[in-house]
Structure formats: structure tokens, C-alpha cells
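Chemist: sharing a sequence plus its predicted fold:
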Amino acid sequence: MKMSKLHVPTLKEDPADAEVISHKLMLRAGMIRKLTAGIYSYLPLGYRSLRKVEQIVREEMDASEAQEVFLPTVQPSELWKESGRWDYYGTELLRFRDRHDRECCLGPTHEEVITDLVRRDVRSYRDLPLNLYQIQTKFRDEIRPRFGLMRGREFTMKDGYSFDATEEGAETTYMIMRDAYERIFRRCSLQFRAVEADSGPIGGSFSHEFMVLANTGEDTVVSCDRCDYAANLEKAEIRPCEPCNESIGTVPEKVSTQSVRTIEEVSQFLGITPSNLIKTLILKTDKGPVAVLIRGDHELNDVKVKNYLAVTEIELADEKLIHEVTGGPLGFSGPVGLTGVTILADHSIRGMQSAVVGANEKDFHLINVSPLSGFKVDGYGDFRSAAAGDPCPRCDGKLLMSRGIEVGHIFKLGTKYSESMNATFLDPDGKETFMIMGCYGIGVSRTVAAAIEQNHDEDGIIFPPPLAPFSVIITTVGAKNEEIDATAENIYQILWKNGYDTLLDDRNERPGVKFKDADLIGIPVRLTIGKKALAEGKVELRSRKTKQTILVEINNVLDAVTDMISNWDA
RNA sequence: CGGGGUGUAGCGCAGCCUGGUUAGCGCGCGUGCCUUGGGAGCACGAGGUCGCCAGUUCGAAUCUGGCCACCCCGACCA
């Protein structure tokens, strides 16, 4: 491609509405343009990168014996009602009616469609396992789209679904997909980790998220400094601590705490540390209110509570509900004497000896309260979020926190959809059996953004070669010169013939402009052709990553380019 | 949806508080000259329903009300 013909509207300044670096750079590099909130057009460079990722995904999925299909975007409400998700999915599902007043939605994911497809034609265990995938645009009416392609409403996703006859088969498929994902993200030159995750609203029994490590990530990844344990913060397990079994002979005492109510204020006021406090959080769920006790220095993990209670909705209670439940105002709740509500407590509460709790009365707290005798607990569990420095649940190491961008997610779904949608087959004994499903997603457009988050500098994007829209850019410098132009054209042809996507910057621009653009759009290898070096039969080869420049003989250009690209990650 | 903010040329912004001729600046864009190893210079030029609607006023980018869009912070997810 000739730069003079390529549509790359680069920008000198950062667009005002871009916050994160990948968004800024993709706009500045002329890769994408926003149409409306969370919805973007891909320009030639952006689309080329997107397709590079798609191609890697395709190759690795195909190599894992998954088969590509292409499914409808518009889906009838009937299917969603059948799976039960029409009511469950909420406003993220964009619904509308067609001219016949039939209810439809735009597919945010395709479990229903694929399950319907498979149940129609697959009747025998002989047809299983079956693993189908597609790469297409999904629409999720996100509450708050942000950060450009990182959280769009419309985005490109690879989603795959597997159907197995047996549990063992389903687990094997899961492992195959896990391996495929490792290969895919490694090929994208990304630094990532596969972490244990909560299986979320799609449901299912176990799942992994693939997290690209980046400071701007929206997710928190917990990992061990000793072993390879890594988990999403929502999921990260806390090892239960030893229960304290001696009740020291203290008697609860009511103290006035006037207008102090936050953990910080109360502990300062009483001259104790937050770890001596128990915070009593009143939560509203679809099965009624619950009280959850968490140590003062810990954070509630509502996903854990949600899973423990098997409820679908959970949120912090408002002041009115708190009053109804405890009889006291916000900030002074406590478990002592609390009735008519389920009381859950985090494991760490058991290890406390004399704690401070709210008195369920304005301006009063109770001190010297023992979890052993001071109040009733309906269930102990793991209800708090891991924090940096917590012990690893698997070994003696300590947990570290880092930020991650979720680019892939795999679930073993089990029979959730096959049961609700009646996807069955006949097993070898002729018995009708539910298929065991798995689902495997990759945020393709998000992967491009994540790669940029991880690979950039002050001059622009530094594309890893597998994702770069073009691998090489040939930049001619100096005034119009036939020899330079001819050499450039010649090398350009050679590189294309040898499989390198090559850009030729033949614009009548000053060198500075060409260099700035080449850096901004992040082409890995730049070949500069100028008068001085050419007089010696040489051209310059520069790595966008190391910024190192070497002079190479024109005859050796192909080898030198190959060398630089194949040693990119070295 | 709750809280905060912004809307003026393709992009980035000033002007608004304290209404008053022709609405500015930088970048970009067009033409010409010139220049060619890190976003050159000079000259001329094109480009604006000041987000939309209503109101106040002799007069509104500027004041008031309503609406819309977008961005940021929280609950969701690839």
C-alpha cells in the first residue's frame, strides 16, 4: 500500500474525549472514529489490526478442531424466553419490535441461537463432541461505555460453544480451549495471565479469564508471589483463619461515639485499629435483607455473598431499609440483638476476640463484644475481597494485586442451556441425555486496544508484529530523487512478494512528518531510504521498539527485516 | 440510573462571569513560492445554524428555562 493513497487521518493533538492511552492513540493514529457513544467505525489501519487478531484466533480455533460458523445478529425473543434470559438479562439486552410487532433483540451473546441450532440436527452421541465458533459484532447496551474499544457497546467478539456427551469430554474440551487461548494470546505478544474467575450470570461450574496486564485495566487480578495461583478479585479465595476459641472474660459495654460513624472515625475515636472493628453491612437481595459482618479493615465481596445465598440481585441497603432492619441509623449497625434477618459473617470474624460493633442506636457502639458469645451468626463463609499481602489459598506465598484487561473468558457451562432449551442426544444405551456445554469468548476488538495499552511510548503505538496493520514501512527522505524512489519501489515489491505487509511512504512530505506518522501508527520496522546511505548501496533499518537503527546492504534487506521481526520479543 | 462536567470551523481551545458593529487563536485544509533526515517558512484563501428549542431584551455565543448529545466517577461485562 502506498501511503499517498491510504486513508490514515492522523491527529497531532489528543482528542478531548479520550481518556486512556489506547483510545487516544487509536484516534490519533487514524485507526478508529467514534460514531456515537460506545460505537466506532474502523478505518483501514484499525480494521487491518482487527483482522490480524481475528486471523490468529481463527487459526488456533481451527487447529483445535473447532469449526467456524456465522450466526444471526437479530434474534427472536422466543429463544430468550425459552432459556429464561429474556427476563434475566436486563437493559443491556437491546430489544425492539419488527414491523409485525414481534419482539426481537440484538445478540449480546449466542448461547440461545447456537443451542437451538445444535438441538435441531444433533441427535446422537456419535455426532459429539461438537465445537462451533464465530467471529462477529455483538451488541451490549452497556450502562456506561468508555475507554474507546475497551468497553464499547458494539464490539467484535469471537464466541465459541462446545457440546459434549460426557463430563470427561466436556472437561477435555475445556482444557483444549484453555490451551488454544494460551497460544492465541501468546501469538499476540501479550503479557497475560489466565485467572480463576466467577462464572457470572452466564452460569456454570468453572471458568477462567484471560487478563492482559495493564495499569489501565478495569479488573483487579490477584496473584501469588510464590505459586501460579491467579484469580479475579471477585473470585480470589481467602483461606479461613483459625477460629479464636477462648472467650476472654469481657462484658460488652455500650459507649457513646457521638457523631463518628465511619470505620476510620470510630477507630480513631476509640484509639484502636480498624481490624478491631466489625462492620455490619445490610444488603438488599431478591430474597430479602441480610446482614453481613466483615472485619473493619476488610472489603465486602458482594459476588461471594451472592453466590453463597444463590440470589440474583444484591446491593447495599439504603438508610430506610437499614432502619427497618436494625432500628438504628446508617453507620451504627451491629449484630448484637439483631433479629429477623439472616446474619452472615466472614471467616475472619471468628478470629476476633473483643470487637467493636455498632449498637443499632444513634451515637452508640458496643465494645468488648465476642463473636463466640456476643451474637448469633447464621453462617460463616468467605465474604470478603482479597487484599494485597493476604496469604495465598494454595501455598505459603502472599497475594499481589495488579490490574488487568479481560480479553478472554472460558466457561464450562454444564447443562444450563441444554436443559432449559432441551438440547438432548441419545447416548450409547439409547437414553436421552442433555448435552454438556462450554462457552469460550474473546474480545477481539478489545484485544487490539489491550495490545496498545501494553505497547506504546511517548511517540505512539509500538505494535507487536503479529498485530501490526503493516509490518514494514518504507520511508523515502529528501527531495524528489529518482534513484531513491526506484530503490524504494524495488524493496517494496520484494517485501510484498515475501509476505510482508508493507507500506511505502511516497508522500511529498518533509522527513519529520513521515517519521512522526510512522512512529504514531506503530509500524514495527521502518526502512529509511535517503541519499547518503544509498550512495553506499545501503538503507537504514529501524526498530520501532528499540529505536535502534542499522545500515544494511540493499541486497540484504529481506533477511534483515526477517531477522528483526522474528526476534521482536527477544 | 445517581453524582460531576462539557458542547463555539475537521481537531485542540479562548470569548460567556460584566449582553453591543465583521466571533477569535493554534493545528489541519486549499493555492502559490520556497523547503526536504524528526510534525519547516512566507503570502493569499476557504471553512461557523456559537448543540437544539423557547423566553428575557432595542440587541443573545454571552442572561433564563426546557430538551439533546458527549465525557468523567459508581453498579455490569469480552
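Modeler: Okay, I see it. All values reported here derive from a predicted model rather than from experimental measurement. Residues are numbered from 1 along each chain as shown, chains lettered A, B, ... in the order given.
Chemist: please make it C-alpha for all contacts and neighbour counts, starting now.
Modeler: Fine.
Chemist: dump the C-alpha coordinates for the one helix or strand A:Val221 maps to into PDB.
Modeler: Following DSSP states H and E, the helix or strand that holds A:Val221 is strand A:219-224. Provided in PDB are the C-alpha atoms of strand A:219-224 (Å, rounded to 0.1, in the frame of the first residue of the first chain):
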ATOM      1  CA  ASP A 219     -10.300  -5.500  36.600                       C
ATOM      2  CA  THR A 220      -8.200  -6.400  39.600                       C
ATOM      3  CA  VAL A 221      -6.100  -9.500  39.300                       C
ATOM      4  CA  VAL A 222      -4.900 -11.300  42.400                       C
ATOM      5  CA  SER A 223      -1.800 -13.400  42.000                       C
ATOM      6  CA  CYS A 224       0.500 -15.300  44.300                       C
END
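Chemist: relative to RNA strand B, how far out is the spatially most central residue of chain A?
Modeler: The centre of chain A sits closest to A:Glu406, judged by C-alpha atoms, centre = their mean, with a distance of 1.5 Å. For A:Glu406, the distance to RNA strand B (C-alpha to the nearest atom of the strand, to the nearest Å) stands at 5 Å.
Chemist: beta partners of that residue?
Modeler: A:Met211 (DSSP bridges).
Chemist: how about the residues of the stretch 51-200 of chain A near RNA strand B?
Modeler: A:92, A:140, A:142-147, A:149-157, A:200 (C-alpha under 7 Å from any atom of the strand).
Chemist: hmm, which of those are the buried ones?
Modeler: A:140, A:142, A:145-147, A:149-157 (16 or more other C-alpha atoms under 10 Å).
Chemist: could I get those as JSON lines with pLDDT and secondary structure?
Modeler: Below are these laid out as JSON lines (pLDDT from 0 to 100; DSSP: H, G, I helix; E, B strand; the rest coil):
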{"residue": "A:Arg140", "pLDDT": "92", "secondary structure": "coil"}
{"residue": "A:Glu142", "pLDDT": "88", "secondary structure": "coil"}
{"residue": "A:Pro145", "pLDDT": "89", "secondary structure": "coil"}
{"residue": "A:Arg146", "pLDDT": "87", "secondary structure": "strand"}
{"residue": "A:Phe147", "pLDDT": "90", "secondary structure": "coil"}
{"residue": "A:Leu149", "pLDDT": "93", "secondary structure": "helix"}
{"residue": "A:Met150", "pLDDT": "92", "secondary structure": "helix"}
{"residue": "A:Arg151", "pLDDT": "90", "secondary structure": "strand"}
{"residue": "A:Gly152", "pLDDT": "91", "secondary structure": "coil"}
{"residue": "A:Arg153", "pLDDT": "93", "secondary structure": "coil"}
{"residue": "A:Glu154", "pLDDT": "94", "secondary structure": "strand"}
{"residue": "A:Phe155", "pLDDT": "94", "secondary structure": "strand"}
{"residue": "A:Thr156", "pLDDT": "96", "secondary structure": "strand"}
{"residue": "A:Met157", "pLDDT": "96", "secondary structure": "strand"}
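Chemist: walk me through the domains of chain A.
Modeler: Following automatic domain parsing, chain A resolves into domains at A:21-237+A:401-452, A:253-381, A:470-566.
Chemist: in chain A, which segments are predicted with low confidence?
Modeler: Within chain A, the ranges that satisfy pLDDT under 70 run A:198-205, A:242-250, A:259, A:261.
Chemist: what about 50?
Modeler: A:201-204 (pLDDT under 50).
Chemist: A:Asn567 - how many residues pack around it?
Modeler: 9 (other C-alpha atoms under 10 Å).
Chemist: who in the stretch 351-500 of chain A is up against RNA strand B?
Modeler: Within the stretch 351-500 of chain A, the positions lying close to RNA strand B (C-alpha under 7 Å from any atom of the strand) are A:406-409, A:441-446, A:459, A:477-480.
Chemist: same thing but at 10 Å, please
Modeler: A:404-411, A:439-447, A:449-450, A:458-460, A:475-481, A:484 (C-alpha under 10 Å from any atom of the strand).
Chemist: please flag which of those sit within helices.
Modeler: A:444-447, A:449-450, A:484 (DSSP state H).
Chemist: make JSON lines out of these and add neighbour count.
Modeler: Formatted as JSON lines, these follow (neighbours: other C-alpha atoms under 10 Å):
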{"residue": "A:Val444", "neighbour count": "27"}
{"residue": "A:Ser445", "neighbour count": "26"}
{"residue": "A:Arg446", "neighbour count": "24"}
{"residue": "A:Thr447", "neighbour count": "28"}
{"residue": "A:Ala449", "neighbour count": "26"}
{"residue": "A:Ala450", "neighbour count": "28"}
{"residue": "A:Ile484", "neighbour count": "22"}
